[in-house]
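>>> Any chance you can model this:
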Amino acid sequence: MNASGVSASVSAAPRRAHVIVCGNAKGGTGKSTFAMHVAVALLRAGNRVATIDLDTAQQSLTRYVENRRRWVRATGIAVALPDHRDVPHHAHDAASEGAAFAALAHALAGVDAAFDFVVIDIAAGDTFLGRLAHRLADTLITPLNDSPIDLRALGSLQPLARRPLSGSGYALAVAQAREERRRADGKLFDWIVACNRVPVTAAGEARIAPRLRDMASTLGFRFADGISQRALFDELFAAGLTAFDEYDGRSASSRPNLAHLAARQEMRRLMDRMDLHHTRTSLPVGEPGTSPTEAAITPAL
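Okay, here's the model as predicted:
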């Protein structure tokens, strides 16, 4: 993820909305599932939450929110809904970056004054919008499948020096984004890596967990316990529900069973690890003009 083509200045003004980015260079790791569960957990805790889908091709988070709205209409049961925004698809070329930037700025308009948290789901790979989103992050959460392939996509370490290999993986992209953010406003965003799709028989311990613990201090992330592989999550996506939602007999997954309870417990552990509760504050009314979050992605011309 080379940010040299993106010259951005991060405002030194304090932000009111806490920005959570779900990111990984590799696809299929559960970013959208994590994003929705984090958003719903924060909503149920009494926070004001906006969600933004920057995966303009797949739009999995957008479909998740749409499924949730459809479920509300079908059942008449009120569930917590984030204020959702998506960004139209743009071609991945330099000519489209201006339009992509304008679309993101529009999606972010007013979020600082209106919300406590903004949860952003980004596409896999190296994208212009993904680079901008990393600059905005206060918390970055990276789900990894319990696979050596996903581990290599994150980065690799030299056996003795225990340093990232040159040019290896997503970790270098995050390091670059963190350094750019540090130079801009002196802040270092929190990075959490969590294993996903851990076999249930593993009792929550991912095969790659020991390696991740070794890498954590060198690469600068905090490791979170795994989320088990469960067909339940596919069912929940189809209904627009999460493990945090209550069930009363009218949903597709009507009664909480052991799988529901276990998934809820795992997701709660993830939320505890993220340690976001202390950021809940009474937000001041925003002043007219450009908000701090909007300023954070304003190109330095």
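>>> got the contact list for the residue nearest to Gly27 when sequence neighbours are not counted?
Among residues not flanking Gly27 along the chain, Ala124 sits closest, at 3.5 Å (C-beta to C-beta, 6 or more residues apart in numbering). Placement of C-beta: from N, CA and C, glycine included. When contacts are counted by C-beta atoms under 8 Å, 6 or more residues apart in numbering, Ala124 touches Asn24, Ala25, Lys26, Gly27, Gly28, Thr29, Lys31, Asp55.
>>> can I get those residues in a markdown table with pLDDT and distance to Leu188?
Shown next, in a markdown table, are those (pLDDT from 0 to 100; distance: C-beta to C-beta, whole Å):
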| residue | pLDDT | distance to Leu188 |
| --- | --- | --- |
| Asn24 | 92 | 19 |
| Ala25 | 86 | 20 |
| Lys26 | 86 | 24 |
| Gly27 | 86 | 27 |
| Gly28 | 88 | 29 |
| Thr29 | 89 | 24 |
| Lys31 | 95 | 22 |
| Asp55 | 89 | 26 |
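>>> closest to Arg70 among those residues?
Asp55 (19.9 Å; C-beta to C-beta).
>>> Please report the distance of the closest one from Glu179.
Relative to Glu179, Asp55 is positioned 25 Å away (C-beta to C-beta, to the nearest Å).
>>> and those two? which has more neighbours close in?
Asp55 (25 against 12; other C-beta atoms under 10 Å).
>>> Secondary structure class of the more buried one, three-state.
coil (DSSP: H, G, I helix; E, B strand; the rest coil).
>>> tell me the phi and psi of it?
phi -90, psi 80 (degrees, to the nearest 10).
>>> residues touching it, list them.
Asp55 makes contacts with Lys31, Ser32, Leu61, Asp121, Ile122, Ala123, Ala124, as judged by C-beta under 8 Å, 6+ apart.
>>> Looking at those, which are in strands?
If you go by DSSP state E, the contacts of Asp55 have Asp121 in strands.
>>> Quick check: the farthest pair among the contacts of Asp55?
Leu61 and Ala124 (13.2 Å).
>>> Filter the contacts of Ala124 down to the ones in helices?
Lys31 (DSSP state H).
>>> Where does pLDDT dip in the stretch 151-300 of the chain?
156-168, 201-204, 247-256, 277-300 (pLDDT under 70).
>>> now the helices for it?
Using DSSP state H, counting those that start in this stretch, the helices of the stretch 151-300 of the chain run over residues 169-185, 209-219, 232-239, 258-274, 292-296.
>>> For these, give me CSV that also has distance to Ala105.
Converted to CSV, the helices of the stretch 151-300 of the chain look like this (distance: least, C-beta to C-beta, whole Å):
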stretch, distance to Ala105
helix 169-185, 17
helix 209-219, 31
helix 232-239, 29
helix 258-274, 27
helix 292-296, 6
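>>> Need the winner for burial among those.
When the helices of the stretch 151-300 of the chain are scored by mean count of other C-beta atoms under 10 Å, the highest mean neighbour count falls to helix 292-296 (a mean of 21).
>>> closest to Thr142 among the contacts of Ala124?
Distances from Thr142 to these, taken by C-beta to C-beta, are shortest for Asn24, at 5.0 Å.
>>> Number of residues surrounding the closest residue to the closest one other than its chain neighbours?
Of all residues not flanking Asn24 in the chain, Thr142 sits nearest, at 5.0 Å (C-beta to C-beta, 6+ apart). By other C-beta under 10 Å, the residues close to Thr142 number 25.
>>> Just to be sure, Thr142 is in a strand?
Yes - the assignment for Thr142 by three-state DSSP puts it in a strand.
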